[in-house]
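Colleague: build me a model from this:
(chains A, B and C)
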Amino acid sequence: MEIKLTVNGTTRSDEVEPRLLLIHYLREVCGLRAANIGCDTTSCGACTVLLDEESVKSCTVLAVQANGRSVTTAEGLVDEDGTMSVIQRAFRQNHGLQCGFCTPGMVMAATSLLAENPHPSEQQVREGLEGNFCRCTGYHNIVRAVLAAAEALSQPSEDAETGVGA
Amino acid sequence: MSILGTRVLRTEDPGFLTTGAVYTEDLQDERLAGARYVHFVRSTVAHARINGIDTSAAADADGVVAVYTGKDLTDTGIGAVKPMMPNMNQQMLQPLLATDVVRFVGEPVAAVVTEEMYQGEDAIELVDVDYEILPAVATMHQALTGERGLLFPDAGTNVVVKFGDESGSNPDLFEGCEVVVSEVIQNQRVAPAPMESRSGAAVWGEDGRLTAWIPNQGAQGTKGAIMGMLGLNPDGLRIITPDVGGAFGAKFGADSEHAVICWIAKQLGRPVRWSETRNENLLVMPHGRAQEQKITIGGTKDGTVLAYRIEILQDCGAYPKAGAFLPSLTILMTPGPYDIPRAESWSTSVVTNTTPVGAYRGAGRPEAAAAVDRAMDLFAAAAGVDPADVRRKNLLPKFTEPHKTAFGAVYDSGDYPTALEKVLAVADYDELRAEQAKRRRGGDTLQLGIGLSSYVEITGPGGEAGGPNENGTVEVHPDGTATILTGTSPHGQGHQTVWAMLASEELGIPIEKITVKWGDTDLVPRGGGTGGSRSLQLGGAAVQQASRELLDVARERAAATLEASPSDLVFDTSASAFAVKGDPDVSVPLSSLAESERLFVRSVFTSPGPTFPFGSHVAVVEVDTETGKVFLRRVITVDDAGTVMNPLLAEGQRHGGIAQGAAQAFLEEFVYDDDGNPMTATFADYPFLSATEVPSFELVDMETPTSYNPLGAKGIGEAGSIGSTPAVQNAVIDAVSHLGVRHIDMPTSPQRVWRAIQAANR
Amino acid sequence: MIPAQFEYEMADSVSQALELLAEHGEDAKLLAGGHSLLPMMKLRLATPAMLIDIARIGELAGIRADGDELVIGATTRYADIVSSGLVRAEVPLLAHAAAQVGDPQIRHRGTIGGSLAHSDPAADLPMTLVALGGSLEITGPSGVRTVPADEFFTGFFESVLEPDELLTAVRVPRGGSVPWGYQKFVRRANDWAIVGVAAYDGRVALASMGVTPIRALGVEEALRAGAPAAEAALRAVEGTSAGSDFHADKSYREHLARVLTRRALEGKTG
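Modeller: Reported below is the predicted structural model:
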């Protein structure tokens, strides 16, 4: 079946089988491989992307369900001149990633979380990321990164510091 | 201003955060164009004879290119694999694909190759295996009694190997002890579950050489494993390590599936790819821990420990792997940081019809620490002495010269009492006890528990013969950049950044201009990989050493160029140039010395021995005494691994370790039923730790350098996970000890805690 | 990890959905958010030959007041229930329950209709609907019928829904100041309840204590007789048939049911 959707701002049209998972559409058809597959029970969130700006687990969305909608991946958060988003920068500044496998999904979940709740408490950040598993960091620096990003996003200046790591 | 010891951001991160790292499943290498996909048919029963495998329906299915069984492998001379060490029972052979018998749920039985990825899962459903169920040896005790039979009849036993000397046990070990406590405790089976499951890709070139991409912890070891499994010569294959999404000890060497896909690529004359699902990963990637321990501790009423014994039963799972030999490390670390006059330990490793057990963060040492620290708390409770005081009384005093224990471990440097006092101070231990007392008086539903651990652990093994050692090659290029080759194999630890820092410090080349390479056996034929927390103290030291030796070579060239004597030259790191002493205008840049001849040095750094990081943890929990639920509120730690090169990264290693160790204490367990059926083989069932179950951690700094390498560094990677497990377990038991509870096995699930409270009330 | 093959149709109206259901019978399943169905299909525990996508049918969307009830369209997502000012004001128990389901990503996709039709006795919304005394509007070839939540769930993942019917709306009583409580006992935040309790206005429903959500009628009777929460809660196990699994055995579940019922009756969430 033919689907038309916008991926990272670019409209595209593809022929897909109904059972093609959105995660595989993004990785194999669109060539966007930042999002990863970490489980088979919709548990781990490594596949998280934005569907119409809300976080979803793309392993549990059919590509056909995204027909006519817009999808944003971690690749799509980067400026035309290669500047990372505030949230991506905050992850780097705060060492919020080690092996990197959960990271793109974690960043997308955090992006959606802060869009819905710009000033979360630490507890709200942890709850907001309950659907994203990480084995390396123990979550400590991920939480710091998201709180730092929230702080930076609430500043008027674009050059706001995003953490103590620098 | 030295870059060492500063919080340098990782150079890996921009790529990881935007386009993502390139894991094996992401590879788009042109050599893999047109690759076929491999999926495995796996046993659904724990123990059975295979009476037949019907592959006909699968072979006819859409897109199926080939179906292979164990017989196809043996027909081409690929035999079963012997256990990795000669002291393990050599009759316990593991075929790459099961032939006559399956021995655990998940064991691969057949491989299906398809044109498209999605066709694979359709096709494996069509393979029909005729199983004749056999009794399952589901537990270690069943393995010992033989009541469920033998996994390997030819072996005549389910025992793989023993360590220590049970027959030499001293029956009077506890003589003179006023207080003696004994308990059988579990260090339960857990799943390493890195976020990246196992995968692989393989192709044979026209030159007859295999190239395989396999996520691993040391390409050289992986190469050796594939060579062994497929009978290849060293020059017949090349292993390339893509980015690796975590490993934690479970990606050493190679698994049978990795060898099978390499073999399939040869049969087909095409590249092949394979990725397992999480369910397969939880079933087949080697599990961790799985020890039962009988601990006995005795001493005087004032809290002085006189004797300690630990008897270990190790579950190896269905085929002996690293797990079988880890008890030898548990035995080595029996007394931990404590000064125990008389101590004994021995172990028996047995096979069962469960997933094979391998190395998992700490690999044998967390088991030792958890046992001795549980013993300390049991003893403290029985003697009526505060657990902090018991530790104060029994910790080895500070030492600066290496200290040899009765078990043969040579602790290089240590100050255990200071680590304990520091963490108690930051945790405000007295305040916590006061709060606990208040809640106890009030009969609060939510009780406070405070748990301690003091630990020491062994790091830095391995390398080439004559180790512990590691190699590093540093090359400076004429354009002012540099390349490092390392025998380590990072999978999140940040070696790309830290090795560059070390070379930058010596050579004055900015880290952005330094490329670090690893994991390609054509580029780096020898190396010990990354594990056992060895990389910085051996691999990092090798990079520093190679950099310094490179400057020696460069100095000679500079002297020739400047027509000066080498000893008249000074190296100005800030300019990355040699200049004549007292005449800075007469200088030559380091990079220019590479113009007419390559400028590189390969160096092997050898350490006098393994090093022993140590620390103390305080865990604070709240326990809902009505339901048994545990809330982990605080973890305060000292993890002293000597000199810290990059505090940002060292903290990250501590956080990750603390979380994994805590997860074992109160949350995670891989469970089987009495027929050997796994109950926790998905992330929905296996209680993998998520962000809501742990707090932010409180890290206290302490650096007691080692003299074993110029960096002064010991290994930090596993320390956090060794200290946190007993601290959290002790905290939970402490929370309800006033109700009469003296022990709760890990994980301290709500049901276990609640049952312990009920049992104590009776 | 990959579902078996299936055909896919997007329905643009309830009547078209019904036609497709009639045509494909038991081989077809309805797809809204897919977060109950797709996980089962990925493990091949469900293998429908046809999926009928109803996610974009306008008639199935929206939350509105209708007298003393709120009417919630079947394809309303958990996230929309959580953020709805109307639901938070009028049926705060439902807003709270919806916020406990899974994690934010799941709540952006899963729907109330999907959850109720799935009929998982461990899930949040089935138990909550029973506690609320809500009702479900079902549309089939012969028209619309309304079934009380008490009668809707008939067995383990089973409801009164016929293969040719579609759940179109959910009705819940309005009552912003009605006392309520909610307890969900889990190991990890995004797990299903080991035991769950929802209390609303003297009605109590339990999750994971039987093959369907269970009304704690014994507790309700005790409350009507004037018993305080702690005493009434002791009757929480009456009428239940809790199972034993590796998470919890039966007697521990029964103990939790009593403790959590008391807490829910005290108006606590946890």
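
Colleague: CA only for contacts and neighbour counts going forward, please
Modeller: OK.

Colleague: please, where are all the helices along chain A?
Modeller: Using DSSP state H, the helices of chain A run over A:22-24, A:86-93, A:103-116, A:122-128, A:140-153.

Colleague: what about the spatially closest residue to residue B:2 that is not a sequence neighbour, which SS state?
Modeller: Distances taken as C-alpha to C-alpha, 6 or more residues apart in numbering or on different chains put residue B:505 closest to residue B:2, at 6.7 Å, once the chain neighbours are dropped. Recorded secondary structure, residue B:505: helix (DSSP: H, G, I helix; E, B strand; the rest coil).

Colleague: my read: residue B:505 touches residue B:5, true?
Modeller: No - here residue B:505 does not reach residue B:5: they are 11.0 Å apart, not a contact under C-alpha atoms under 8 Å.

Colleague: residues in contact with the helix-or-strand element of chain B with minimal mean pLDDT?
Modeller: Between all helices and strands in chain B, the lowest mean by mean pLDDT, DSSP states H and E belongs to strand B:583-589, at a mean of 91. Identification of contacts with strand B:583-589 by C-alpha atoms under 8 Å, 6 or more residues apart in numbering or on different chains yields B:558, B:561-562, B:575-580.

Colleague: find the nearest non-adjacent residue to the closest residue to chain A within the stretch 301-450 of chain B, please.
Modeller: The nearest approach of the stretch 301-450 of chain B to chain A comes at residue B:361, 11.1 Å away (C-alpha to the nearest C-alpha). Residue nearest to residue B:361 in three dimensions, not counting chain neighbours: residue B:248, with 5.1 Å by C-alpha to C-alpha, 6+ apart.

Colleague: so what's that neighbour up against?
Modeller: Counting by C-alpha under 8 Å, 6+ apart, residue B:248 touches B:192, B:194, B:359-361, B:531.

Colleague: most neighbours of all these, which one?
Modeller: In terms of neighbours by other C-alpha atoms under 10 Å in any protein chain shown, these top out with residue B:531 at 30 neighbours.

Colleague: any idea whether that residue is helix, strand or coil?
Modeller: Residue B:531 ends up coil, using three-state DSSP.

Colleague: tell me how far it lies from residue B:359.
Modeller: 9 Å (C-alpha to C-alpha, to the nearest Å).

Colleague: also residue B:250?
Modeller: Residue B:250 is 6 Å from residue B:359, by C-alpha to C-alpha.

Colleague: circling back to that earlier point, what helix or strand does the residue nearest to residue B:361 sit in?
Modeller: For residue B:248, there is no helix or strand it lies in under DSSP states H and E.

Colleague: for it, report the pLDDT, please.
Modeller: Residue B:248 is assigned a pLDDT of 97 by the prediction.

Colleague: now it: how far from residue C:171?
Modeller: 51 Å.

Colleague: equivalent analysis for residue B:564, please.
Modeller: 93 Å.

Colleague: tell me which parts of chain A are close to chain C?
Modeller: Residues of chain A found near chain C (C-alpha under 8 Å from any C-alpha of the partner chain) are A:18-19, A:21, A:40-42, A:48, A:54-57, A:60-61, A:109, A:127-131.

Colleague: tell me, which of those residues make contact with chain B?
Modeller: Applying C-alpha under 8 Å from any C-alpha, the subset of these adjacent to chain B comprises A:40-41, A:127, A:129-131.
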